[in-house]
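>>> would you be able to build a 3D model of this:
(2 chains)
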Amino acid sequence: MLEVRGVHTFYGQIEALKGIDVTVNEGEIVTLIGSNGAGKTTLLMTICGSPRAAKGTITFEGRDITRMPTHHLVGTGIAQSPEGRRIFPRMTVYENLQMGALRTDPKYFKQDLDMVYSLFPRLQERQEQRGGTLSGGEQQMLAIGRALMSRPRLLLLDEPSLGLAPMVVRQIFDVIKEINRRDKMTVFLVEQNAFHALKLAHRAYVMVNGVITLQGSGQELLANPEIRAAYLEGGSH
Amino acid sequence: MTVQVKDTSAATAPNVLFPALKEAFIASLLIVALGLPLLGLKADNQGPDLVLTKRWDLLGIAVAVMFVGRFVLAFLRGQKAARQGGLPQEKKKSGDNSIARLLNQNAKVLGLLGLLCAILMPFVIPDANARYVIFISTTFMIYIMLGWGLNIVVGLAGLLDLGYVAFYAVGAYSYALIATHFGWSFWICLPLAGLFAAFFGVVLGFPVLRLRGDYLAIVTLGFGEIIRVILINWGPVTGGPNGIGGIPAISFFGIEFSRGEGGFASDFGLEYSSMHKIIFLYFVILGMAVLTNLFTQRMRKLPAGRAWEALREDEIACRSLGINPTNIKLSAFALGAMFGGFAGSFFSVRAGFISPESFTFIESAVILAIVVLGGMGSQMGVVMAAALIVLLPETFRQFAEYRMLAFGVAMVLIMVWRPRGLLAFREPTIRLHPKDHQASVKEAA
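Numbers count the residues shown, from 1 in each chain, chains lettered A, B, ... in the order given. Now for the predicted structure:
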C-alpha cells in the first residue's frame, strides 16, 4: 500500500535518512522504532512531503506521492497525527474534529463523529472544552480522532505515547488495535516506546542513524536479544 | 501586597483592620514622595522671575484620598479573603472572565440592541448638537469597520499587519481618482475600490507568505510606508502632498443632496437641510460596517474562515489536515484589505479631500490597537475598543492637552487588567448544548 524506496533526506548538509526502504501492506500495523534522533520522525515527515526526499520514491496505492504538496495528501487517503499532537488549543474538541473533516463529504460527518466518540468516549464528554485544556492523553486521543475524521485508509502516527502515563498509553494502543481489527485501518506507527509498539505491530522496522538496521514481525523483534538490550532494558513500561 | 493579603486570609477575621491600615499608610507615603514635586510645588513665571508657589492643601487632599481609598480597598479585600479563605486574586480573575463570557455569549442580543440604538440615534438626538454627534459617530463607525476588517487578518488568521492603512489609502485614492476623472458614482466605485484594495492585499500577501510574527509585522509596516511614499511622490496622478480635492459628494443612489429641483429634498418633498447628507453618510457607513460584521461571522462558520483560525493556531497541523496555507493566508489578506478599501472610499467620499497625511503609520497603529485592545478575534471587543479610542479623546476634548494623557492611561489600564484584550474569550462557533452545558465548560487559562 505504502512503498518507500531508497529515500534520502537532507537537512542542509546533514543526511538524516540514508536510503530507507519501508513497505506497509494493506491492513497491517507497521511500527518503526529507534532512539532519539534516529530519523523516525524525519521519515514520517518525508512521506508527508516536508522536508522533501532528495532521492528515492514514495508511492501510495501505486501513486507517486514523492513530490505531492503536504496539503494534497489528505485527499489521497493518508491521515497524519503529527509529532507533539498539534491540536488547536483555542478551539473546542468538537471544532478540532470538524477541522479534521474539512476535506471530506459533509454527509459522512455525523457518522464519523459517532465513530470517533465511540472509540474515545472521553472526547464526547469534553466536546465543548477547549483543546488546550485537555490532559496529554486526551489531546492525543483528539489528535488521532481528528486524523480519523478525514476517512483515511492509511493512518500515520508519530509517537502517540509521548509523555503519557502508562495506563493512558495502553488505552491508546488498544484503540489503535481496535481500529485496525474492526475497520481494517492500515497504521504506520513511529514509536520510542518499543515494548508496546512491538507487541501491537504485525511487522516492525528498527532505525539507527538514518538506516534501517533490522526488520521482522513484532514478535520476532520482541524476542531478539539485540533489541532487548538496546530498547527494552529498563522494563516493560 | 499579595503577601499581606495572604496574611489576612490565614489569620482570623478581626486582624483584617491592621494590615489594611498599614497598606494605606505605605500608599500615602508614596503619594507624599510623588506628590511633593508634582503637586506641592509649582513654579510660575512672574515677569522675568520664577516664583515657587507652595500648594500644601492640594497635596493634603491627594494624600487623604489615597489613604482612605487604599484603606477601604484593602479592608474589603481582606474581609472577603478572610471569609472565603481562598486566594482572592484567582477569584477576581475568574469573575472578570465571566463578564467577558457573558458579553460574548449575549453578543447577538447586545449587537442587535446596539444596532437599534445606532439606527435610532440620528432621529432622537437633539438638533443643537446633532451635526457634531453624527459626525463623530460616523468616524466611530469607520474605525469599527476598519477594526473588523483588520480583525480578519490579525484576529482570525493571526497575521500581524502593521500596514493596514495602505489598503485604506488604496480604497480612498481609487474612489477619488475614478470619481474625479471619470465622474462615476460612489456606488459603482465602491466595489471597484474594494477590488483594488483586495488586489493590493494579494500583492502584499505573496512575498510575505513564509513570514510570521515580528518579521511579517516589519514587512507590512514597510508596505504601508511604501504606499504612502508613492502617494506623496507620484505627483501627476495622486497630486502629491497636496492630495486630491473636489471629490464628488455622495448621492442618494443617483439623486444628489442639493438645494432646489432634482435634489434629494425636493424629490422626497422635504425641506432642504444639509443634515440629510450627513445622516445618509452615517447610514451608509453603518450599513457597510454591519455587512463587514455579518460577513466575518458567516465566514467563521465556513471551512475557509475556520481554516483562518486553525492557521493562527498551528500551521503544520493545518497542512496535515489538507489545508493549503497559501490560499488561506492570501484570502485573509485579500478580504481584510477589501474591507479596508471599502472604508477608504467611504472616507474619501465623506471628506471630499484626501492627502497622504491621512494615511500615516499612526492610523495603522490605532486600528491595530482597536483590534488588540478589544481582544483578538472578538467582534464585540472591536466595538468597545473603537468606542474607547475614538470617543474617549473626543469626550475629554475640553481638557485640551490632558486628553491624550487620559487616553494613554486608559490603554495602560486595559493592558493591566485584561492583558489579552477587553473580550479575550473566544466563543466557539458552535454551541452543542446551549444552556445546561455551559456550566461545565472550562475556560482556557
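>>> now the strands for chain A?
All strands of chain A, identified by DSSP state E, fall at A:2-11, A:14-24, A:29-34, A:55-60, A:63-64, A:78-81, A:154-158, A:186-191, A:203-208, A:211-217.
>>> residue B:380 is nearest to which of those strands?
Across the strands of chain A, residue B:380 has its closest neighbour in strand A:78-81 (35.3 Å, CB to CB). Placement of C-beta: from N, CA and C, glycine included.
>>> in its sheet, what does that closest one sit against?
In the sheet, strand A:78-81 lines up against strand A:154-158 (parallel) (DSSP bridges).
>>> helix/strand/coil for the closest residue to residue A:103 other than its chain neighbours?
Closest residue to residue A:103 apart from its sequence neighbours, by CB to CB, 6 or more residues apart in numbering or on different chains: residue B:322 at 4.1 Å. Under DSSP: H, G, I helix; E, B strand; the rest coil, residue B:322 falls in the coil class.
>>> pLDDT wise, what is residue B:322 at?
On the pLDDT scale, residue B:322 is placed at 88.
>>> got the strands of chain A as JSON lines, with mean pLDDT columns?
JSON lines is the format used below for these (pLDDT from 0 to 100):
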{"stretch": "strand A:2-11", "mean pLDDT": "93"}
{"stretch": "strand A:14-24", "mean pLDDT": "93"}
{"stretch": "strand A:29-34", "mean pLDDT": "93"}
{"stretch": "strand A:55-60", "mean pLDDT": "94"}
{"stretch": "strand A:63-64", "mean pLDDT": "92"}
{"stretch": "strand A:78-81", "mean pLDDT": "91"}
{"stretch": "strand A:154-158", "mean pLDDT": "93"}
{"stretch": "strand A:186-191", "mean pLDDT": "94"}
{"stretch": "strand A:203-208", "mean pLDDT": "93"}
{"stretch": "strand A:211-217", "mean pLDDT": "91"}
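>>> need those in a markdown table (columns: distance to residue B:111 and mean neighbour count).
Below are the strands of chain A laid out as a markdown table (distance: least, CB to CB, whole Å; neighbours: other CB atoms under 10 Å in any protein chain shown):
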| stretch | distance to residue B:111 | mean neighbour count |
| --- | --- | --- |
| strand A:2-11 | 50 | 18 |
| strand A:14-24 | 52 | 18 |
| strand A:29-34 | 51 | 26 |
| strand A:55-60 | 48 | 17 |
| strand A:63-64 | 49 | 10 |
| strand A:78-81 | 38 | 26 |
| strand A:154-158 | 43 | 24 |
| strand A:186-191 | 47 | 25 |
| strand A:203-208 | 56 | 22 |
| strand A:211-217 | 60 | 16 |
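>>> want to try CSV for those strands, with distance to residue B:299 as columns?
Listed next are these as CSV, based on distance: least, CB to CB, whole Å:
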stretch, distance to residue B:299
strand A:2-11, 36
strand A:14-24, 39
strand A:29-34, 40
strand A:55-60, 33
strand A:63-64, 34
strand A:78-81, 26
strand A:154-158, 31
strand A:186-191, 36
strand A:203-208, 44
strand A:211-217, 47
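>>> who touches the one residue in the stretch 251-400 of chain B that gets nearest to chain A in this structure?
Residue of the stretch 251-400 of chain B nearest chain A, by CB to the nearest CB: residue B:322 (3.2 Å). Applying CB atoms under 8 Å, 6 or more residues apart in numbering or on different chains to residue B:322 gives the contacts A:71-75, A:102-103, A:150.
>>> the residue in chain A positioned nearest to chain B: neighbour count?
Relative to chain B, the nearest point of chain A is residue A:74 (3.2 Å; CB to the nearest CB). Counted with other CB atoms under 10 Å in any protein chain shown, the neighbours of residue A:74 add up to 24.
>>> was I right to think it contacts residue A:103?
Yes: the pair residue A:74 / residue A:103 is scored as a contact, 5.0 Å apart, by CB atoms under 8 Å.
>>> and residue B:308, what is it in contact with?
By CB under 8 Å, 6+ apart, residue B:308 lies in contact with B:152, B:156-158, B:299, B:328, B:331-332.
>>> biggest separation within the residues you listed, which pair?
For the contacts of residue B:308, the farthest-apart pair by CB to CB is B:158 and B:299; their separation is 14.8 Å.
>>> which strand or helix spans residue B:135?
Per DSSP states H and E: residue B:135 is located in helix B:127-150.
>>> which parts of the stretch 301-445 of chain B are helices?
For the stretch 301-445 of chain B, the helices defined by DSSP state H, counting those that start in this stretch occupy B:303-313, B:315-320, B:325-351, B:361-374, B:379-386, B:392-395, B:402-417.
>>> quick check, the second one touching chain A?
Right, the one you point to is helix B:315-320. Yes: using CB under 8 Å from any CB of the partner chain, helix B:315-320 reaches chain A at B:316-320.
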